[in-house]
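Visitor: Take a look and give me a structure for this.
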Amino acid sequence: MHSDDEDPIFIVKGKSNQNINIVHNSYKESDSHYAVYQNIETIPQNIKDILFQRSFFPFLKAIDPIHSIYFGPLLFDPETPDFSGQFTINEFSAKLINPGRAYIICISKSNDPKIFWPAKFSFSINSKIFNIPTGSPTPETMNFWIDITNALNLNHTNTINIYSQRANALTSFYVFGIVLLSLTNAELIQSIEKHENQDNFNILYKKSNPDDEDVGEKFISLPLYCPLSQGRISIPIRGVNCEHLAAMDAESYFSFMRFAGTWTCPICGKSCKPEELYIDDCFHEIIKRCPMDMEALKLKYLGN
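Guide: Alright, predicted model coming up:
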């Protein structure tokens, strides 16, 4: 059984202001057997030494941003050769990796703390069974962690069941964790390709239909406000498959769509995943020259 003088099994919650919850069903004793830390820096040094020495802590420090890191309370104690436990990741938490990655990882407490998978280990996600890859679990072989991103359902609660057996008598217990990593909006914007010439803007301009006018010259209205936030566009983005001149604000788009569970253009409904977006640099230059109170720009229609 778990003794009172053992170090607590813990949950680490990383760099995020979101209220994220994980429901643990595997360890039924009192809450004193685990603790919650708001970021990596607040973890007591003795726990860092036991569970992060030479292994996982440098890995965490190298990854930014870390939205959420969850550990335990899933463990072996010295008298338990077999173990099974369960994580339940709610829908809100799962959507944090949209886009991003989710990993499962195991750390052993022994005389030489390190990443060390049990001799027999398997887990299931939403009833689908997975096994750890063969080979040494090191960062070089990528068996250091197991990527479970594609197995998670972003629109429902995800249940992860773990079954394992202790590898050897020198290991007093294992701690299993789920790591959720998420790109910030700023990082997503940085990853979007810029169109630094006017070709694409001009092509879409020529495809646009002019506003209905009874007499006089014809114009094309170019909205300067985002259709999602209704605020002024700062960085105009558009999907590579979109055929309209109007654009949306990058920051607003990522903020809305991350938790919508879908990536579609709010103007035409076509797919607009992060890798399918581009920044319209010509539109960007136009916006910077327009007064802040201007809602739309009228472009003279020259015909096709």
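Visitor: residue ranges with poor pLDDT in this protein?
Guide: Counting by pLDDT under 70, the ranges of the chain that qualify are 1-85, 87, 92-93, 96, 106-119, 132-145, 165-182, 193-217, 301-304.
Visitor: tell me the domain boundaries of it?
Guide: For the chain, the TED database gives the domain ranges 34-183, 187-210+218-299.
Visitor: quick one: residue 270 and residue 101, what's the gap?
Guide: 26 Å (CB to CB, to the nearest Å). All C-beta atoms are positioned from the backbone trio N, CA, C, and that covers glycine.
Visitor: Same question for residue 121.
Guide: Relative to residue 101, and taking CB to CB, residue 121 is found at 20 Å.
Visitor: and what of residue 222?
Guide: From residue 222 to residue 101 the distance is 37 Å (CB to CB).
Visitor: Neighbour count: those two, which is higher?
Guide: Neighbour totals were compared for residue 222 and residue 101, and residue 222 leads with 20 against 16 (other CB atoms under 10 Å).
Visitor: how about residue 151, phi and psi?
Guide: Backbone dihedrals for residue 151, given as degrees, to the nearest 10, come out at phi -90, psi -10.
Visitor: what number of residues lie near it?
Guide: Residue 151: 17 neighbours (other CB under 10 Å).
Visitor: correct me, but it touches residue 125?
Guide: Yes. Between residue 151 and residue 125 there is a contact under CB atoms under 8 Å: 4.3 Å.
Visitor: For the biggest helix by length in the chain, buried residues please.
Guide: Secondary structure of the chain read by DSSP state H shows that its longest helix is helix 250-260. By 16 or more other CB atoms under 10 Å, the buried positions in helix 250-260 come out as 250, 251, 252, 253, 254, 257, 258.
Visitor: Who are the contact partners of the second one?
Guide: Meaning residue 251. Neighbour list for residue 251: 185, 189, 234, 235 [criterion: CB atoms under 8 Å, 6 or more residues apart in numbering].
Visitor: and if we set it to 6 Å?
Guide: For residue 251, the contact set (CB atoms under 6 Å, 6 or more residues apart in numbering) comprises residue 185.
Visitor: go on, the first one?
Guide: With contact taken as CB under 6 Å, 6+ apart, residue 250 is in contact with 189, 235, 237.
Visitor: Among the residues you listed, which ones are in strands?
Guide: Using DSSP state E, the members of the contacts of residue 250 that fall in strands are residue 237.
Visitor: Out of the contacts of residue 250, grab the one that's most surrounded.
Guide: residue 237 (27 neighbours).
Visitor: That residue against residue 280, yeah?
Guide: No. Checked against CB atoms under 6 Å, the pair residue 237 and residue 280 is beyond contact range at 7.1 Å.
Visitor: tell me which element the closest residue to residue 270 other than its chain neighbours is part of?
Guide: Nearest residue to residue 270, sequence neighbours excluded (CB to CB, 6 or more residues apart in numbering): residue 241, at 4.8 Å. Assigned by DSSP states H and E, residue 241 falls within no helix or strand.
Visitor: And residue 241, how far from residue 269?
Guide: Distance from residue 241 to residue 269, by CB to CB: 11 Å.
Visitor: Just after the longest helix of the chain, pick out the following helix or strand.
Guide: Per DSSP H and E, the first helix or strand lying C-terminal to helix 250-260 is strand 277-280.
Visitor: Can you tell me the strand partners of that following strand and which way each runs?
Guide: Sheet partners assigned to strand 277-280 using DSSP bridges are listed as strand 193-195 (parallel), strand 236-239 (antiparallel).
Visitor: Show me the beta-bridge partners of residue 146.
Guide: Here residue 146, judged by DSSP bridges, has bridge partners residue 104.
Visitor: Going forward, the N-terminal residue is numbered 179.
Guide: Okay, using 179 as the starting number, the last item reads as residue 324.
Visitor: was I right about it contacting residue 282?
Guide: Yes. Counting by CB under 6 Å, residue 324 touches residue 282, with 4.9 Å between them.
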